[in-house]
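Novice: generate coordinates for the sequence data below:
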Amino acid sequence: MAIEVDVAVLGGGPGGYTAAIRAAQLGKRTAIIEMDKLGGTCLHKGCIPSKSLLRSAEVYATLLKASTYGIEVQQDAVSVKFDRVQDRKEQTVEQLHGGLQSLMAKHGITIVKGKGRIIGPSIFSPRAGTVAVELADGEMESVVSKHLIIATGSRPRQIPGLEADGKLILTSDDALVMEQLPASILIVGGGVIGVEWASLLNDFGVEVTIVEAADRILPTEDEDISREMTRLFRKRGIRIVTGASVRPDTYTGAGESISITAGGAEGDVQLTASCMLVSVGRVPNTEGLGLENTDIRTDNNGFITINAQYQTNERHIYAIGDVIGGVQLAHAAAHEGLAAVDHLNGGKPEITAAHRIPRCVYSRPEIASVGYTERQAKEKGISTKTAKLPFGAIGKAIVAGETEGFVKVIADADTNDIVGVHIIGLHATDLIAEATLAQLLDATPWEIGQSIHPHPTLSEALGEAMLALDGLSTAF
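Specialist: Numbers count the residues shown, from 1 in each chain. Below is the predicted model of the structure:
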């Protein structure tokens, strides 16, 4: 017998389960269809496990320089037990997974475990969809609903000719389950994922090379941020090759080593390592969803097209998260899920502009930003003024022994509106929340600067950077 609900969610990642919780809170009978585990990529193959590994790497790096804090640690007594690092990661994931399952039960959300496929009209509406779910035992279940939300996420993009084998050529999924650390690694792609893995593995003592096709790593971030991270990475011994693309036809791999040529404007570069991590973006999980049974459209890259309320061409079917492209971040997907449910419940939400969604890189040091980069602002014809406040001028950073990096603020010189905030430094990903709220409230730099920031805290860097726009900072 079919499961009949008001709202069905196809995919149980951050976007999907957040949407389901909100729907249940509004009194809707709700079901999630998930083929793997609740939590999706973020909980099991992305945000949480990678940050657990990054934390272990940070602790190890800190111990190696313990003497700078007046703590003597015998160098031969500090070592990485990578199996225990992986065990801690798994324990963290399972703890959060258990909490998520409890949340579903608390809100009375039905979980259907299996692969879902849209097959036709719903009994509730000819424009909605009935989802056929293939269960683990091969049996079929039908879920019919008044509204359907597609939140099937994405997977790592692969390079033709360099398909992952899980041993010599890895995706980020493969890297998360490595049983031992390689002696060296070539990371293809210097975006967020590539930079995080470079930082993590370098801290664990792995020899790291990054090759990036663009003229700089982190090409979507402000140029000052990219420049500073490049400097700090090279200081740590990470090799960075930019403006070059790997040539799959030159790849050789055998035993415990790989070799490949990267070609660019300045000629060819021969690269060798124990293995290769390919981190060149992600592709949407739309195959096998039965989209051909609907009027839902996709763009040239396979992402589902939507309107300003996250509706597809089938107005009772919504799509959110990585599957629609745009800002592919867990918190963006969750926000989109809330907006979609708000709309199907009669509200009038609008898509949040991409530049108002905070972006985070959990490397060492961390990077976080919201708003436009300086280049983007100028391309939009905004007359800008900027200020940078170095963390070296902040007492808490000096106490922590982590003074690298800065806060950069970009403001409209005519209106004095905050245009963008870019942070590289200790706990940048926590500090960006204040700047995000400031943009939501259309706060001016003067207002943030006048807000009393407790001392000593890292948050003072943001307040002082705002004051520095008008030459009023007392920190430097």
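Novice: could you say which helix or strand contains the closest residue to residue 354 other than its chain neighbours?
Specialist: Once flanking residues are discounted, residue 354 sits nearest to residue 327: 5.2 Å by Cβ to Cβ, 6 or more residues apart in numbering. C-betas here are computed from N, CA, C, even on glycine. Assigning secondary structure by DSSP states H and E places residue 327 outside every helix and strand.
Novice: gap between residue 327 and residue 104?
Specialist: Plainly put, residue 327 is 26 Å away from residue 104 if you go by Cβ to Cβ, to the nearest Å.
Novice: name the residues of the worst-scoring helix or strand of the chain on mean pLDDT that are buried.
Specialist: Least confident helix or strand of the chain, by mean pLDDT, DSSP states H and E, is strand 130-135 with a mean of 90. Using 16 or more other Cβ atoms under 10 Å as the test for burial, strand 130-135 gives 130-133.
Novice: doesn't residue 415 fall inside a strand?
Specialist: No - using DSSP: H, G, I helix; E, B strand; the rest coil, the assignment for residue 415 is coil, not a strand.
Novice: count of residues packed around it?
Specialist: 12 (other Cβ atoms under 10 Å).
Novice: got phi/psi on it?
Specialist: Dihedral angles of residue 415 (phi, psi; degrees, to the nearest 10) stand at phi -100, psi -20.
Novice: buried sites along stretch 101-121?
Specialist: Neighbour-count burial for stretch 101-121, counted by 16+ other Cβ under 10 Å, picks out 104, 109-110, 112-118, 121.
Novice: those residues in helices, which ones?
Specialist: Counting by DSSP state H, the members of these that fall within helices are residue 104.
Novice: pick out the residue nearest the middle of the protein.
Specialist: With distances taken as Cα atoms, centre = their mean, residue 329 lies nearest the centre of the chain, 4.4 Å away.
Novice: my read is that that residue contacts residue 357, right?
Specialist: Yes - counting by Cβ atoms under 8 Å, residue 329 does reach residue 357; the two are 6.8 Å apart.
Novice: ranges for the strands of the stretch 301-450 of the chain?
Specialist: According to DSSP state E, counting those that start in this stretch, the stretch 301-450 of the chain carries its strands in the segments 317-319, 359-361, 366-371, 384-390, 406-412, 418-425.
Novice: what's the first one in contact with?
Specialist: The reference is to strand 317-319. For strand 317-319, contacts defined as Cβ atoms under 8 Å, 6 or more residues apart in numbering pick out 118, 128-129, 147-151, 294, 296, 304, 306, 309-312, 340, 343-344.
Novice: what about that strand, distance to the chain center?
Specialist: Averaging C-alpha positions (Cα atoms, centre = their mean, to the nearest Å) puts strand 317-319 22 Å from its chain's average.
Novice: give me the mean pLDDT for it.
Specialist: For strand 317-319, the per-residue pLDDT values average out at 96.
Novice: ok, stretch 414-428 next?
Specialist: Here the average pLDDT along stretch 414-428 is 96.
Novice: can you give me the helices in the stretch 301-450 of the chain?
Specialist: 330-344, 374-379, 395-400, 428-440, 445-450 (DSSP state H, counting those that start in this stretch).
Novice: which strands or helices does the fourth one pack on?
Specialist: For helix 428-440, the contact count by 3 or more Cβ pairs under 8 Å, 6 or more residues apart in numbering; DSSP states H and E identifies strand 359-361, strand 366-371, strand 418-425, helix 445-450, helix 460-468 as packing neighbours.
Novice: which of those is buried the deepest?
Specialist: Using mean count of other Cβ atoms under 10 Å, the stretch among the helices and strands packed on helix 428-440 with the largest mean neighbour count is strand 418-425, at a mean of 27.
Novice: want to try TSV for the helices and strands packed on helix 428-440, with distance to residue 9 as columns?
Specialist: Below are the helices and strands packed on helix 428-440 laid out as TSV (distance: least, Cβ to Cβ, whole Å):
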stretch	distance to residue 9
strand 359-361	25
strand 366-371	28
strand 418-425	33
helix 445-450	38
helix 460-468	37
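Novice: the ones you listed: which one's closest to residue 42?
Specialist: Nearest to residue 42, of all those, is strand 359-361, at 12.7 Å by Cβ to Cβ.
Novice: can you verify residue 217 is assigned to a helix?
Specialist: No - counting by three-state DSSP, residue 217 is not found in a helix; it is coil.
Novice: mind pulling up the pLDDT for the nearest residue to it once chain neighbours are set aside?
Specialist: Distance criterion Cβ to Cβ, 6+ apart; nearest residue to residue 217, sequence neighbours excluded, is residue 190 at 3.4 Å. On pLDDT, residue 190 comes in at 97.
Novice: return the residues in contact with residue 190.
Specialist: Counting by Cβ under 8 Å, 6+ apart, residue 190 touches 198, 210-212, 214, 216-219, 240, 242.
Novice: specify the local secondary structure of it.
Specialist: The three-state label given to residue 190 by three-state DSSP is coil.
Novice: and it, how close does it get to residue 169?
Specialist: From residue 190 to residue 169 the distance is 17 Å (Cβ to Cβ).
Novice: now swap in residue 117 and tell me
Specialist: Distance from residue 117 to residue 169, by Cβ to Cβ: 31 Å.
Novice: and for residue 137?
Specialist: 34 Å.
Novice: which of the two has more neighbours?
Specialist: Shown here are residue 137 and residue 169; by other Cβ under 10 Å, residue 169 has more neighbours (22 against 6).
Novice: give me the nearest residue to that one, chain neighbours excluded.
Specialist: In space, residue 169 is closest to residue 276, 5.2 Å off (Cβ to Cβ, 6+ apart).
Novice: what's the answer for residue 429, then?
Specialist: Of all residues not flanking residue 429 in the chain, residue 360 sits nearest, at 4.3 Å (Cβ to Cβ, 6+ apart).
Novice: you'd agree residue 49 is up against residue 176?
Specialist: Yes - using Cβ under 8 Å, residue 49 is in contact with residue 176, at 5.2 Å.
Novice: can you list residues touching both of those two?
Specialist: Counting by Cβ under 8 Å, 6+ apart, the contacts common to residue 49 and residue 176 are residue 89.
Novice: and the angle for the helix or strand in which residue 51 is found with helix 428-440?
Specialist: Remark: residue 51 resides in helix 47-64, with elements defined by DSSP H and E. Between helix 47-64 and helix 428-440, the angle comes out at 130 degrees (axes from the mean of the first three to the mean of the last three Cα atoms, to 10 degrees).
Novice: mind listing what's buried along helix 47-64?
Specialist: Neighbour count says helix 47-64 has 47-58, 60-62 buried, by 16+ other Cβ under 10 Å.
Novice: which of the residues you listed lies closest to residue 334?
Specialist: residue 47 (11.3 Å).
Novice: mind listing what the closest one touches?
Specialist: Residues in contact with residue 47 (Cβ under 8 Å, 6+ apart) are 41, 330.
Novice: next, the angle from the helix or strand that comes right after the least confident helix or strand of the chain to strand 130-135.
Specialist: Where DSSP H and E defines the elements, the next helix or strand beyond strand 130-135 is strand 140-150. Orientation note: strand 140-150 sits at an angle of 120 degrees relative to strand 130-135 (the same axes, to 10 degrees).
Novice: now for the helix or strand following strand 140-150, which elements pack on it?
Specialist: Of the helices and strands lying after strand 140-150 in sequence (DSSP H and E), the nearest is strand 154-156. Contact here means 3+ Cβ pairs under 8 Å, 6+ apart; on that basis strand 154-156 packs against helix 172-176, strand 282-284.
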